[in-house]
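Engineer: sequence plus predicted model, see below.
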Amino acid sequence: MLIKDTIFYRPEWKWHNFLKYLINNLYECNCSEKIIPSEYSYKNSIYGSKKSKKNVNLSTWGVTHKKRIQFARAVCINSPNYSVLNFLVIPNTIYNVPFFGVDFVSLPNSHLLVLDFQPSLKIEKQYSNKLLEQLLKLKTRCHSSLPLAETMSSDVARFFSPGLIWSKLPKEESSDILIANQLYNSFTEYFSLYLKILFESQKASLDLQKELINGQNNYLKYRREKDPARPMLSSLFGKEFTESLIKEVLFAT
């Protein structure tokens, strides 16, 4: 099933505008759709107790680019209790460019919002002063409206940049307004800047390319082993499917 034919392209799904923006911009950059195995490209399941069963839908979409992007993929979830857009760009390791990561998660009582240029190397090796200044400016603008969430543990924080947008909002109308306006504006600014950096980057030296390969592999290994979405995914789709999805599609090397 094409993702454009699912609920994930309709207003009933909270993150539909964000997903459309990602897909449209990647196609404008001449990306080619990557065929996702059918068991992951669309899945319908039932979760909950016998007395309170609920439907949940999952769709995974991805692209590649012949020079710049190894794999960019979105996994989308919709159910009465959960609404998730998880998106990651894994750039080609011949360019010294960080990942682009989005994790927008609506839980039963709150929204968890993560948006960042996620490093695959140490910050000083991957971010110019100019890029850091641009990111911090965008972050400050966003967090002038969106509250900043609590500090992450050092184990997790090492995979994020100083430009990280990280917020937790209650499920209420005022949060919906912030998401539709401030968060969406910041999201489009971040992704536009990321594509500019990605497509203007020059090839890295061979030694640096080896470091980039190791850095990306370390991040993907960490996510395969300690992905924070694992408990939620397991409760919705079962442990076997969740492990397969995480290891074979979302964070495969």
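Structural biologist: Done, it's in.
Engineer: what's the burial count for the residue lying closest to Asn185 once chain neighbours are set aside?
Structural biologist: Leaving aside its sequence neighbours, Asn185 sits nearest to Cys142 (Cβ to Cβ, 6 or more residues apart in numbering; 8.0 Å). No exception for glycine: its C-beta is placed from N, CA and C like everyone else's. Neighbour count for Cys142, taken as other Cβ atoms under 10 Å: 23.
Engineer: who are the packing partners of the helix or strand Cys142 falls within?
Structural biologist: According to DSSP states H and E, Cys142 maps onto helix 129-143. With contacts taken as 3 or more Cβ pairs under 8 Å, 6 or more residues apart in numbering; DSSP states H and E, helix 129-143 sits against strand 165-170, helix 184-200.
Engineer: what about that helix, distance to the chain center?
Structural biologist: With Cα atoms, centre = their mean, to the nearest Å as the basis, helix 129-143 stands 19 Å off its chain's centre.
Engineer: cool, stretch 199-206 as well?
Structural biologist: Relative to the centre of its chain, stretch 199-206 is centred 23 Å away, using Cα atoms, centre = their mean.
Engineer: beyond the helix holding Cys142, next helix or strand please.
Structural biologist: That would be, after helix 129-143 and using DSSP H and E, helix 154-157.
Engineer: using CSV, write down the CA coordinates of that next one.
Structural biologist: Extracted as CSV, the C-alpha positions of helix 154-157 are listed here (Å, rounded to 0.1, in the frame of the first residue of the first chain):
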residue,chain,number,x,y,z
SER,A,154,24.7,11.6,29.5
ASP,A,155,24.4,8.2,27.8
VAL,A,156,21.6,9.5,25.5
ALA,A,157,22.8,13.1,25.2
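Engineer: for the stretch 1-150 of the chain, which segments are assigned as helices?
Structural biologist: 16-28, 38-41, 123-126, 129-143 (DSSP state H, counting those that start in this stretch).
Engineer: mind listing what's buried in the second one?
Structural biologist: Translated: helix 38-41. Buried residues in helix 38-41, counted by 16 or more other Cβ atoms under 10 Å: Tyr40, Ser41.
Engineer: can you start the count at 15 instead of 1 from here on
Structural biologist: Taking 15 as the first residue, the last one we looked at is helix 52-55.
Engineer: can you name every helix or strand that that helix contacts?
Structural biologist: strand 68-78, helix 253-259.
Engineer: of these, flag the one that's most buried.
Structural biologist: strand 68-78 (a mean of 20; mean count of other Cβ atoms under 10 Å).
Engineer: excluding chain neighbours, what is closest to Phe120?
Structural biologist: Let me fix one detail, which is that residue 120 is Ser and not Phe. Closest to Ser120 by Cβ to Cβ, 6+ apart is Ser97, at 3.9 Å.
Engineer: quick check: bridge partners of that neighbour?
Structural biologist: Asn92, Ser120 (DSSP bridges).
Engineer: ok, how many other residues are close to it?
Structural biologist: 20.
Engineer: now do Cys90
Structural biologist: Cys90: 25 surrounding residues under other Cβ under 10 Å.
Engineer: my guess is it contacts Val98. True?
Structural biologist: Yes - contact criterion Cβ atoms under 8 Å: Cys90 and Val98 qualify, at 6.7 Å.
Engineer: in stretch 161-168, what counts as buried?
Structural biologist: Ala163.
Engineer: re the thing from before, ok, the residue nearest to Asn199 - contacts?
Structural biologist: Ile179, Gln196, Leu197, Asn199, Ser200 (Cβ atoms under 8 Å, 6 or more residues apart in numbering).
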